[in-house]
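Novice: coordinates only, sequence not included:
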C-alpha cells in the first residue's frame, strides 16, 4: 500500500516539521525541564533571583519518600483511581449489555443522556454536582430528608462524591465502546453457541468475553490513565484538596506544593514520580496491544 | 416480551438519573432567585426567568470570558487541523526510516500526565512573555500554544486512520492527471478526510474549551484574559454562592459542547472506535 519514491523522506520530513516543532518545544522540552527542576532547590527566592540555585541531586526525592504525607496521598490516589476505574467499567459494561437488550427508542434515550454527561465540561459538571449535593439548598438532601448534611466534610464521603462524579462523566466512553464491540460480534457465532445448547451466561463467558478482551483491555487502561490524573474534580469539589489537604491526590498535591507553597522543586519531583508511574501503565498498554495482535 | 418491557423501563429510569444533573442545571438557571436558595428545592418551576443569565452576563461579564474561550478553542482547532493533517499524511503516505519510532513516540506522549508539566510550562511562559508578550503568561496565546501541543498527538493518531483509508490509486490517478503534490494534498485528500477532520476538531475544541488547570496557572493577574472555566469559579464564594448565576454560567459553557457532540456523535464514535482499535 505504500510506495517508496526518491525524495519521499524529504517531503515527509517537511510535512512533519510543524508537528515536531510544537511537540518538541511544548512537550519534549518541558519534560526535560520538569526533571531538571526536580533536581534543584527551587523556591520563591530562587524564582525572584534573591538566592542562587543549588543543585540537590535526588534530595527532593529523598524528602518526598521520607514524608508520610506523600505516601498517604499516593495511597489515596491509587485507591481513588481504583474505585473510579472499577465503577466506570462496571456501570459502562452493564449499560452496554442492557443497551443490546432493548429496542432502538430506549437505547437512543439512554445514549442521549450518556452523551450529555460525556459532553458536560468538567468544571461545569463538578459545580452542578456540588450544587445538587449542597448542604442547605441541594436537591439530594431534600430528597433524602437530610437537610444540612455536608457531603464534602467527611474525607471518605467527599471522596465518594467526587468518584461518583468522575464515574458519571466517564462511563459513557466505556459504554459506547463496548456496545460497538458487542454489536460487532457476528450473529452466526452467537447462533452457533445457542444451537450447541449454551446458556446465556455460558455464551457471555465463553464466547463474548474472549472476543471482547482486546477492547476491554483498552478501555481499562485508558480509564486507569484518566482516573489516575484527575485534577479538576478534586480541586473544585473539595476546594483545593479538602480540609487540611485530606482529599489530596498526587496531581493536586504537586500543584499545591508548587504554586501554593512555592516549592517548585518538590512539586516537580511529584510530577516526575507520577509520570514514571503512568509510563509503567503505558508499557503494559503497549504490551497488551501487541499481544492482541494489533500492528502499528 | 415482558422481560424486554422491564429492561426498557430500567433503561429509561437510568437515562433519567444520568441526565438529571444536566436537567437540574438548566432548571436552576431558569428559576427565580428565591426558589434557587429555598430550603425546599422543587424539581420544577412555575416562574421561569432569564434573570440569572442576565446577572451572569452583566455583573460578572461572562460574555467576555465566553469570547476568550472561543478565541482559544478556535485557534487551537484551526492550527491543530493543519498541522495534524500534514503529519498524518507524512506518517501514512510515506515510508521512511524513523516512521515506527515516531508512531510509538506519539502513543507514549499521549500518556504523559500534562498536568505535571504545569511547573516547567509556567516558567517557560514567563520567559516567553519577555520576548513575545501575546504568547506569554497572562495572555490567551499561552493557552493556545499548550493546548495545541496537548491535542496534536491524539489528533495525528486519529487522522492517520482516515488518511490511510483513502486509496493510494487515487493519488496515482491525480498524479497522472498532472496534479502537483500540493494540489493533491489540499484539493483531493483534504476534502476526502473531512469526516476525520471534523471528529478531531471537536475533540481539540473540547480539550481547549474545558481546560481549567492551565488557565488557572497561566492567567494569574489579567482578569480580562480569563476563560470560562476560571470565570465560573469567580462566582463560587464561601457561604454566599450565587447558585442561579453559577448554573446559568455552566449552561452557557455546556451548550456549545453539547451541540457539537450531538452533531458529530456518529463520526466521533466511529473515529474513537477506529483510534481505539488501531
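Specialist: Happy to help now that I have it. Here the structure is a predicted model, which means the values were calculated and not measured.
Novice: Report the secondary structure state of the spatially most central residue of chain A.
Specialist: Central residue of chain A (Cα atoms, centre = their mean): residue A:226, 1.1 Å from the mean position. What DSSP: H, G, I helix; E, B strand; the rest coil gives for residue A:226 is helix.
Novice: Run through the neighbouring helices and strands of the helix or strand harbouring residue B:148.
Specialist: Taking DSSP states H and E as the definition, residue B:148 sits inside helix B:140-164. Using 3 or more Cβ pairs under 8 Å, 6 or more residues apart in numbering or on different chains; DSSP states H and E, the elements in contact with helix B:140-164 are helix A:8-23, helix B:62-93, helix B:99-109, helix B:118-131, helix B:194-210, helix B:213-218, helix B:243-277. Bear in mind the C-beta positions are built from the backbone N, C-alpha and C, glycine included.
Novice: Indicate which one of the ones you listed is closest to residue A:68.
Specialist: Proximity to residue A:68 (Cβ to Cβ) singles out helix B:118-131 among these, at 23.3 Å.
Novice: Would you mind giving the secondary structure of residue A:248?
Specialist: Residue A:248 ends up coil, using three-state DSSP.
Novice: Am I right that it is in contact with residue A:73?
Specialist: Yes: using Cβ atoms under 8 Å, residue A:248 is in contact with residue A:73, at 4.9 Å.
Novice: Show me what counts as buried in the helix or strand harbouring residue A:171.
Specialist: In this assignment (DSSP H and E), residue A:171 forms part of helix A:155-183. Judged by neighbour count using 16 or more other Cβ atoms under 10 Å in any protein chain shown, the buried positions of helix A:155-183 are A:158-159, A:161-163, A:165-182.
Novice: swap in stretch B:36-49?
Specialist: B:36, B:37, B:41.
Novice: ok, back up a step: is the helix holding residue A:171 up against chain B anywhere?
Specialist: Yes: judged by Cβ under 8 Å from any Cβ of the partner chain, helix A:155-183 comes into contact with chain B at A:168, A:173, A:176, A:177, A:180.
Novice: Below-threshold pLDDT in the chain: ranges please.
Specialist: Unless you meant another one, I'm taking chain A. A:1-7, A:292-296 (pLDDT under 70).
Novice: that's the wrong chain, I wanted chain B
Specialist: For chain B, applying pLDDT under 70 flags the ranges B:1, B:238-239, B:266-278.
Novice: what's the residue closest to the geometric middle of it?
Specialist: Note: chain B centre (Cα atoms, centre = their mean) maps to residue B:206, 0.9 Å.
Novice: Leaving out the residues flanking it, which one is nearest to that residue?
Specialist: Once flanking residues are discounted, residue B:206 sits nearest to residue B:257: 5.7 Å by Cβ to Cβ, 6 or more residues apart in numbering or on different chains.
Novice: what sits against the one you found?
Specialist: A:119, A:120, A:121, B:205, B:206, B:209, B:210 (Cβ atoms under 8 Å, 6 or more residues apart in numbering or on different chains).
Novice: Look up how far residue B:193 lies from the fifth one.
Specialist: Meaning residue B:206. Distance, residue B:206 to residue B:193, by Cβ to Cβ, to the nearest Å: 20 Å.
Novice: just residue B:24 next, same as before
Specialist: Taken as Cβ to Cβ, the span from residue B:24 to residue B:193 is 40 Å.
Novice: Around the nearest residue to residue B:197 once chain neighbours are set aside, how many other residues sit close by?
Specialist: In this structure, residue B:197 finds its nearest non-sequential neighbour in residue B:81, 5.9 Å apart by Cβ to Cβ, 6+ apart. Residues lying near residue B:81 (other Cβ atoms under 10 Å in any protein chain shown) number 18.
Novice: In contact with the spatially closest residue to residue B:82 that is not a sequence neighbour, which residues are there?
Specialist: Nearest residue to residue B:82, sequence neighbours excluded (Cβ to Cβ, 6+ apart): residue A:18, at 7.5 Å. Residues in contact with residue A:18 (Cβ under 8 Å, 6+ apart) are B:82, B:83, B:86, B:87.
Novice: related to what we said a few turns ago, does anything pack onto the helix holding residue A:171? Which helices or strands?
Specialist: Contact here means 3+ Cβ pairs under 8 Å, 6+ apart; on that basis helix A:155-183 packs against helix A:68-100, helix A:104-119, helix A:122-132, helix A:209-228, helix A:232-237, helix B:243-277.
Novice: Let me know the angle separating the third one from helix B:194-210.
Specialist: Same thing as helix A:122-132. 50 degrees (axes from the mean of the first three to the mean of the last three Cα atoms, to 10 degrees).
Novice: about what we covered before: show me the contacts for the closest residue to the residue nearest to the centre of chain A other than its chain neighbours.
Specialist: Leaving aside its sequence neighbours, residue A:226 sits nearest to residue A:170 (Cβ to Cβ, 6+ apart; 6.4 Å). Contact analysis of residue A:170 by Cβ under 8 Å, 6+ apart lists A:84, A:88, A:223, A:226, A:227.
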